[in-house]
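*Asks:* Can you look at this prediction? I've put the sequence above it.
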Amino acid sequence: MTTPAGIRLTQLAAGGGCACKVPPGELEKVLAGMPGGLVRAAGGPQGAEGELLVGLDDGDDGAAVRLAGGQALIATTDFFTPVVDDPYDWGRIAAANALSDVYAMGGEPLLALNLLAWPRDRVPFEVAVEVLRGGADVCAEAGCHLAGGHSIDDPEPKYGLAVSGLADADRLLRNDAARPGTPLTLTKPLGLGVLNNRHKATGERFDHAVEVMTTLNRDASRAALAAGVTAATDVTGFGLLGHLFKMARASGVTAVVDSAAVPYLDGVRESYAAGYVPGGSRRNLDWVRPHLESAVGEDELVLLADAQTSGGLLVAGELPGHPVIGEIVASGGSPLVIRA
């Protein structure tokens, strides 16, 4: 559906999608003051059930707690401002993006709760119903229960999910488990930030981008587990370079990217040349620039750092049917090396 009186959802917010995340450098400064490490060192909060397997330490995709019987509970949340104008599509994209954090850790989503912020004096709730319907349809596709949630009145519309999932506690996909000698695989093409920025500026619709953003990372996650992969993350707001830097740093390795092997959506390079670039993409590059060695130009680096929304999995391993874009090698200086 379209919003009444020609209202465009993307015009109601300063940012859009995962490009509206707090810049990674600023976020790390905030998280440095959190008590997660102290709690872990002290053995966890008094009386807490289970063992915290993954917390704040390495900026992983979600938190994980060991349960009885060898299972792990994965918990995550993700929400953002409109990335497209169609409310149903926005709901689908936001839900697929939130569920992706569970898939990125090798889990299966079990239960989700809606998170909705709505400018009720500017946009009718009938539009919000379409957003929620989109989220519900994606949860149904994922086999994930969707039960209630929370809503607030807000000048900017925002939507997402809080998701809980289950995984094998001894087979989690983690940021800190990439090992030298393994290839790097990317399961979705890049350029979503560029095309979404163009959509926000012009109103042009990019159906192929919507299809990519609404595709679940479920099959890629299952394939990674079947292949014995131990390290993976999803590529969202911090871009390929940002998320790969976090993995390389946490694992104590160097990640080498063959830039010519990285796939992009149709129309991305033309849109970039026309000036459609999210501010978050440039902030991502500024964050990783001190930690990389590059044989490519500035434009290619910006595209590699493009802020994705509901992007694919970045896997330290080879998955049939998906492009290998580089490799993990022993640490030899910079955590990131970009080859032409």
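*Replies:* Perfect, thanks for sending it.

*Asks:* Wait, residue 319 touches residue 224, no?
*Replies:* Yes. Taking contacts as Cβ atoms under 8 Å, residue 319 lies within contact range of residue 224: 6.2 Å. Glycine gets a C-beta too; all of them are placed from N, C-alpha and C.

*Asks:* which of the two has more neighbours?
*Replies:* residue 224 (27 against 22; other Cβ atoms under 10 Å).

*Asks:* so the more buried one sits in a helix?
*Replies:* Yes. The assignment for residue 224 is a helix, going by DSSP: H, G, I helix; E, B strand; the rest coil.

*Asks:* Pull the number of nearby residues for the residue lying closest to it once chain neighbours are set aside.
*Replies:* In space, and not counting its chain neighbours, residue 224 is closest to residue 315: 5.1 Å by Cβ to Cβ, 6 or more residues apart in numbering. For residue 315, the tally of surrounding residues (other Cβ under 10 Å) stands at 29.

*Asks:* Which secondary structure elements does the host helix or strand of residue 315 sit against?
*Replies:* Assessed by DSSP states H and E, residue 315 sits inside strand 313-316. Applying 3 or more Cβ pairs under 8 Å, 6 or more residues apart in numbering; DSSP states H and E, one finds that strand 313-316 makes contact with helix 87-104, strand 183-186, helix 218-226, strand 232-234, helix 239-251.

*Asks:* That one pairs with which strands, and in what direction?
*Replies:* According to DSSP bridges, strand 313-316 forms sheet pairs with strand 183-186 (antiparallel), strand 232-234 (antiparallel).

*Asks:* Next, format the ones you listed as JSON lines and append mean pLDDT and distance to residue 212.
*Replies:* Shown next, in JSON lines, are those (pLDDT from 0 to 100; distance: least, Cβ to Cβ, whole Å):
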{"stretch": "strand 183-186", "mean pLDDT": "98", "distance to residue 212": "12"}
{"stretch": "strand 232-234", "mean pLDDT": "96", "distance to residue 212": "13"}
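
*Asks:* and the angle from the helix or strand hosting residue 134 to helix 218-226?
*Replies:* Here residue 134, judged by DSSP H and E, is contained in helix 125-142. Interaxial angle, helix 125-142 versus helix 218-226 (axes from the mean of the first three to the mean of the last three Cα atoms, to 10 degrees): 30 degrees.

*Asks:* Quick check: residue 53 vs residue 221, distance?
*Replies:* Distance, residue 53 to residue 221, using Cβ to Cβ, to the nearest Å: 17 Å.

*Asks:* Which one of the two is surrounded by more residues?
*Replies:* Of the pair residue 53 and residue 221, residue 221 is the one with more neighbours under other Cβ under 10 Å, namely 27 against 19.

*Asks:* I'd guessed the more buried one sits against residue 101; true?
*Replies:* No. The pair residue 221 / residue 101 is not scored as a contact, 10.7 Å apart, by Cβ under 8 Å.

*Asks:* list the residues that contact both of the two?
*Replies:* The contact sets of residue 221 and residue 101 do not overlap (Cβ atoms under 8 Å, 6 or more residues apart in numbering).

*Asks:* Just name the shakiest helix or strand of the protein by mean pLDDT.
*Replies:* Within the chain, no helix or strand scores below helix 36-41, which has a mean of 47 by mean pLDDT, DSSP states H and E.

*Asks:* and after that one, which helix or strand comes next?
*Replies:* As assigned by DSSP H and E, the chain's next helix or strand after helix 36-41 is strand 51-54.
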